[in-house]
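Please work out how this folds:
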Amino acid sequence: MIALCTMLCGGEDCSDKPLFGRAKEPFLRQFLTLKHGIPSHDTFSRVFRLLDPVSAERFGEVARAHWGVENGLHWVLDVTMNEDGARNRKDNGPQNIALLRRLALNLAKLEGSKGSMKGKLKRAGWNDAFLTKLLAAFGTAHMR
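A predicted model of the protein is given here:
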């Protein structure tokens, strides 16, 4: 949940996740039990390196089948989330971070207001109500 929220709010890699988590901890505690607090950069990195890329690929297939993927997806990801500048290189980390980027972008697309994708992601970072709306769309789309 922290990783997805970080991506929705414009985060780019595992080093952004604990920063976001600490900045939004009261908001996150509405949804999560954080018994040991916000995970560290190292914890996020280890988790994303160890996640099975096959299951991430399968999730990507389901997401694409459900929402579709535009021809210019790479361009949108690079302009919106600086994907070409990503520093994730180890193990399964790059595939898993890419999956989160695509998921965040798709959730922003599902939200019906006008405006750029980058603007929507910034708005999610600044406005907890808007972030909650994007997360609710994930729950609705995910449950279908």
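
tell me the mean pLDDT over the one helix or strand Leu19 maps to?
In this structure, Leu19 is located in helix 16-23 according to DSSP states H and E. Across helix 16-23, pLDDT averages out at 91.

One more: stretch 110-122?
86.

In this protein, which helix is the longest?
Across the chain, the longest stretch assigned as helix under DSSP state H is helix 93-110.

could you dump it to PDB, C-alpha only?
Only the C-alpha atoms of helix 93-110 are listed here, as PDB (Å, rounded to 0.1, in the frame of the first residue of the first chain):
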ATOM      1  CA  GLY A  93      13.200  -4.800  -8.500                       C
ATOM      2  CA  PRO A  94      13.000  -3.200 -12.000                       C
ATOM      3  CA  GLN A  95      10.000  -5.300 -13.000                       C
ATOM      4  CA  ASN A  96       8.200  -4.800  -9.700                       C
ATOM      5  CA  ILE A  97       8.700  -1.000  -9.700                       C
ATOM      6  CA  ALA A  98       7.600  -0.800 -13.400                       C
ATOM      7  CA  LEU A  99       4.500  -2.700 -12.400                       C
ATOM      8  CA  LEU A 100       3.700  -0.100  -9.700                       C
ATOM      9  CA  ARG A 101       4.300   2.700 -12.100                       C
ATOM     10  CA  ARG A 102       1.900   1.200 -14.600                       C
ATOM     11  CA  LEU A 103      -0.700   0.600 -11.900                       C
ATOM     12  CA  ALA A 104      -0.400   4.200 -10.600                       C
ATOM     13  CA  LEU A 105      -0.700   5.500 -14.200                       C
ATOM     14  CA  ASN A 106      -3.800   3.400 -14.800                       C
ATOM     15  CA  LEU A 107      -5.500   4.500 -11.600                       C
ATOM     16  CA  ALA A 108      -4.800   8.100 -12.500                       C
ATOM     17  CA  LYS A 109      -6.400   7.500 -16.000                       C
ATOM     18  CA  LEU A 110      -9.500   5.900 -14.400                       C
END
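
What is the burial count for Gly37?
Other residues within reach of Gly37, judged by other C-beta atoms under 10 Å, total 10. Where you see a C-beta, it was placed from the backbone N, CA and C, and this is true even at glycine.
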